[in-house]
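Student: Compute the structure for the input listed below.
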Amino acid sequence: MRNSTFLFLFIVAGFLFSSSGFANNEKPNLPHKLPLIGNTLLPKKSLTRFNVDSVSIMQFFKTYSKLKKYQKDVLELYKKREYNTIWYDDKRVSEFGHLLYEKVDLLKEQGIEKKMPYKDEIDEIFNENVTDKPSQINTELLLTSMYVFYASNVYSGEDAATLKKIGWYLPTKNISYSRILDSLIVDPARLNQDEHLLFGQYYKLQDVLKKYRTIEKNNLWNKIDIDSATYKELKPMDSSAMVGQIRTRLFVVGDLKQDSKRNVYDEEMMAGILNYKKRYGLKLNYTLTREHIDQMNEPVSNRIRTIMLNMERCRWIPTKLAKANEYIMVNIPSFRLFYVKNGKYEIVSDVFVGTRMTETVIFSGMMDRIVFSPYWNVPQSIIDNELKLKIAGDKNYLEENNMEWNGGRVRQKPGPKNSLGLVKFMFPNPNDIYLHDTPAKSLFEFEKRTFSHGCINVKEAKPLALAILKDNPDWPVEKIDKAMSGEKETPCVLKNKIPIYIGYFTAWVNDETGEISFFADVYDRDKQLDKLLYSDVVMK
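Tutor: Presented below is the predicted three-dimensional model:
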């Protein structure tokens, strides 16, 4: 357990310690079909066109002062290209320049609501009916600024310093605008989709964003009428107009393949309700409570915003995550753990996480050992805030709870009632967070599972240990069973460390079905990120 404080936002994301496919220390595999200066590709005929110099760049940013934040990156791009132009084929803006302009015009499709400064002047460049256009040098530098604006917003998202301020401590991408530009010049189609640049989940969310905006545009998200004074839980075979409204909603979002318009909670609708609950991470039964209906009545605009916020989180994630041979991911809002090996889900387990007072931190680490039948060394904060009062009220408290003093601290001895259960999974970190078993199995019956002091309690703890060690001949099942007997603490050092990522995603698209799941914003992280990104837009 950790020392009771703070938290954090993640999955699965700035997840790898390595950087993205086009990071500063990596080179994209580019065919030399274009002129090359050093390691930098230039558009066709670029060596014969006018040059840009540092003086003209300085003057440009004095004139276009709202673009000043991009000056350093723009200057670096031209230094690497020996001040050759990027956007011209002879006297015309290149096809790639036109494609980039179209993408900036469609930023909303990327879940971005920012507007490019001086967009009106950029529009003039591409308007054939306008004769008084910006000069060639201003056009060149406006388009380069537009590229940096696009790449920073779409491929990077918020900078690392800002992410730390909002509690996102996962490693972030370290991208190179120059190398990304090289790749796009060679293959402009990468502007539409490139999983070397963006985590694959990003594009899945983008597809669902389009679907939900269509629902909003066509006014298909109709409110479900509910009488607060008389409402009672809905169960199979109940009949009411509200049942028909719920059925229509299930059809609109895809949980039902057809809408029979029936007002009876029949078998067909039962299947749709189960699918809905599965997507939302709810307890799988047929009962519909008032809370469930309130959830369905969340405005579609809020669902759209949730998708956009999670697209932003995907921008922070190094793309190598999905290519790792082995890793463990915990998504706090869904209360789920995933152990992935060789591209397959070996274990999927429910978990419970920290309370609002002791939030589970969003970060990454490397699991290096498993401890069977562990002692629980009680954190000093728990001793001070909880145990001392209990010990004062009951002199036998420690003995009754299988605890003992050890070097001035309290620890709980191994056994089935140990707060860590019969196994814990260690990955060194300053927050003293780890995964562990728990004797409190009944807590997994709750839909909202925020109960711990910050550590992650795993329902399928033993299957997780078995899966991790199944290829280790030194740890056969019989040895693991004995080590988990609760008699004495037994450590197991892993031969290969396993990356573990603790993230925060309130929307996630299933890789196989394409269905989106929405999860409760248990730590109000969406609200915090929404304020950062869209402070000028009111969220309903």
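Student: Show me where the stretch 1-150 of the chain has its helices.
Tutor: Taking DSSP state H, counting those that start in this stretch, the helices of the stretch 1-150 of the chain run over residues 54-63, 71-80, 95-105, 119-125, 136-151.
Student: can you list the ones you listed in TSV and add mean neighbour count and mean pLDDT?
Tutor: (C-beta placed from N, C-alpha, C; glycine too.) Below are these laid out as TSV (neighbours: other Cβ atoms under 10 Å; pLDDT from 0 to 100):
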stretch	mean neighbour count	mean pLDDT
helix 54-63	14	96
helix 71-80	17	96
helix 95-105	17	95
helix 119-125	15	96
helix 136-151	22	96
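Student: how about the ones you listed in CSV, adding distance to K390?
Tutor: Output for those, formatted as CSV (distance: least, Cβ to Cβ, whole Å):
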stretch, distance to K390
helix 54-63, 65
helix 71-80, 58
helix 95-105, 61
helix 119-125, 64
helix 136-151, 56
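Student: Figure out which of those is closest to Y276.
Tutor: Checking these against Y276 by Cβ to Cβ gives helix 95-105 as the closest, at 34.8 Å.
Student: can I get the CA coordinates of the closest one in CSV?
Tutor: Output of helix 95-105 as CSV, limited to C-alpha atoms (Å, rounded to 0.1, in the frame of the first residue of the first chain):
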residue,chain,number,x,y,z
GLU,A,95,0.2,18.7,-53.5
PHE,A,96,1.3,17.8,-50.0
GLY,A,97,0.7,21.4,-48.9
HIS,A,98,-2.9,21.1,-50.2
LEU,A,99,-3.4,17.8,-48.4
LEU,A,100,-2.2,19.2,-45.1
TYR,A,101,-4.4,22.2,-45.5
GLU,A,102,-7.4,19.9,-46.0
LYS,A,103,-6.5,18.0,-42.8
VAL,A,104,-6.3,21.2,-40.8
ASP,A,105,-9.7,22.2,-42.1
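Student: what's the angle from that helix to helix 136-151?
Tutor: 50 degrees (axes from the mean of the first three to the mean of the last three Cα atoms, to 10 degrees).
Student: Relative to Y397, how far out is the residue nearest to K68 when sequence neighbours are not counted?
Tutor: In space, and not counting its chain neighbours, K68 is closest to F61: 5.5 Å by Cβ to Cβ, 6 or more residues apart in numbering. Plainly put, F61 is 68 Å away from Y397 if you go by Cβ to Cβ, to the nearest Å.
Student: E216 too?
Tutor: Taking Cβ to Cβ, one finds E216 at 57 Å from Y397.
Student: Flag the shaky bits of this structure, pLDDT-wise.
Tutor: Within the chain, the ranges that satisfy pLDDT under 70 run 1-49, 536-540.
Student: which strand of it spans the most residues?
Tutor: Counting residues, the longest strand found in the chain (DSSP state E) is strand 490-503.
Student: What residues of it count as buried?
Tutor: 490, 492, 494, 498-503 (16 or more other Cβ atoms under 10 Å).
Student: export these to a markdown table and tack on distance to D89?
Tutor: Shown next, in a markdown table, are the buried residues of strand 490-503 (distance: Cβ to Cβ, whole Å):
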| residue | distance to D89 |
| --- | --- |
| T490 | 69 |
| C492 | 62 |
| L494 | 56 |
| I498 | 50 |
| P499 | 45 |
| I500 | 49 |
| Y501 | 44 |
| I502 | 48 |
| G503 | 44 |
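Student: Pick out the most distant pair among those residues.
Tutor: So, those by Cβ to Cβ: farthest apart are T490 and G503, at 30.6 Å.
Student: mind listing the strands for the stretch 401-540 of the chain?
Tutor: Counting by DSSP state E, counting those that start in this stretch, the stretch 401-540 of the chain has strands at residues 403-406, 409-412, 423-426, 435-436, 450-452, 456-458, 490-503, 507-509, 516-518.
Student: for N401, what are its contacts?
Tutor: 412, 417 (Cβ atoms under 8 Å, 6 or more residues apart in numbering).
Student: swap in the one 10 residues further on?
Tutor: Residues near R411 by Cβ under 8 Å, 6+ apart: 375-378, 403-404.
Student: Could you do I304 as well?
Tutor: Per Cβ under 8 Å, 6+ apart, neighbours of I304: 209, 212-213, 216.
Student: Now list the buried members of those residues.
Tutor: Buried among the contacts of I304 by 16+ other Cβ under 10 Å: 209, 212-213.
Student: N285: which of those is nearest?
Tutor: Closest to N285, out of all of the buried ones among the contacts of I304 and judged by Cβ to Cβ, is Y212, at 26.6 Å.
Student: ok, now which ones touch that closest one?
Tutor: So Y212 contacts 300, 303-304, 307 (Cβ under 8 Å, 6+ apart).
Student: Okay, it and V252: tell me how far apart.
Tutor: Going from Y212 to V252 by Cβ to Cβ gives 10 Å.
Student: now do H453
Tutor: Distance, H453 to V252, by Cβ to Cβ: 41 Å.
Student: more crowded one of those two?
Tutor: Ranked by neighbour count (other Cβ atoms under 10 Å), H453 and V252 place H453 first, with 22 against 18.
Student: quick one: the more buried one and I383 touch, right?
Tutor: No - if you go by Cβ atoms under 8 Å, H453 and I383 don't touch, sitting 11.9 Å apart.
Student: ranges for the helices of the stretch 151-300 of the chain?
Tutor: Using DSSP H, counting those that start in this stretch, helices in the stretch 151-300 of the chain cover 160-165, 177-186, 200-217, 241-253, 267-279, 290-296, 300-315.
Student: The ones you listed: which one's closest to D530?
Tutor: Comparing the helices of the stretch 151-300 of the chain by Cβ to Cβ, helix 300-315 comes nearest, at 6.2 Å.
Student: Just the buried residues of that closest one, please?
Tutor: Of the residues in helix 300-315, those buried (16+ other Cβ under 10 Å) are 300-301, 303-315.
Student: Check stretch 381-388 too.
Tutor: 382, 387.
Student: What's the ChimeraX line that selects buried ones from the contacts of R411?
Tutor: A single ChimeraX command selects the buried members of these (16+ other Cβ under 10 Å):
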select :375,376,378,403
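Student: Any chance of TSV for the contacts of R411, columns distance to M296?
Tutor: Formatted as TSV, the contacts of R411 follow (distance: Cβ to Cβ, whole Å):
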residue	distance to M296
Y375	46
W376	41
N377	45
V378	43
M403	46
E404	51
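Student: Of the contacts of R411, which is the nearest to H292?
Tutor: Proximity of those to H292 (Cβ to Cβ) peaks at W376, which lies at 36.8 Å.
Student: How many residues are close by the closest residue to the closest one other than its chain neighbours?
Tutor: In space, and not counting its chain neighbours, W376 is closest to Q412: 4.1 Å by Cβ to Cβ, 6+ apart. Residue crowding around Q412 was assessed by other Cβ under 10 Å; the count is 19.
Student: Also I362?
Tutor: By other Cβ under 10 Å, the burial measure for I362, its neighbour count, is 28.
Student: Check K210 too.
Tutor: There are 12 residues near K210, going by other Cβ under 10 Å.
Student: List the residues that contact D132.
Tutor: So D132 contacts E124 (Cβ under 8 Å, 6+ apart).
Student: Now with 7 Å, please.
Tutor: Listed by Cβ atoms under 7 Å, 6 or more residues apart in numbering, D132 has no contact partners.
Student: quick revisit: what's the separation between the residue nearest to W376 and K119?
Tutor: Per Cβ to Cβ, Q412 is found 62 Å from K119.
Student: got it, and E233?
Tutor: On the measure of Cβ to Cβ, E233 and K119 end up 52 Å apart.
Student: how many neighbours does L389 have?
Tutor: The burial count for L389: 11, using other Cβ under 10 Å.
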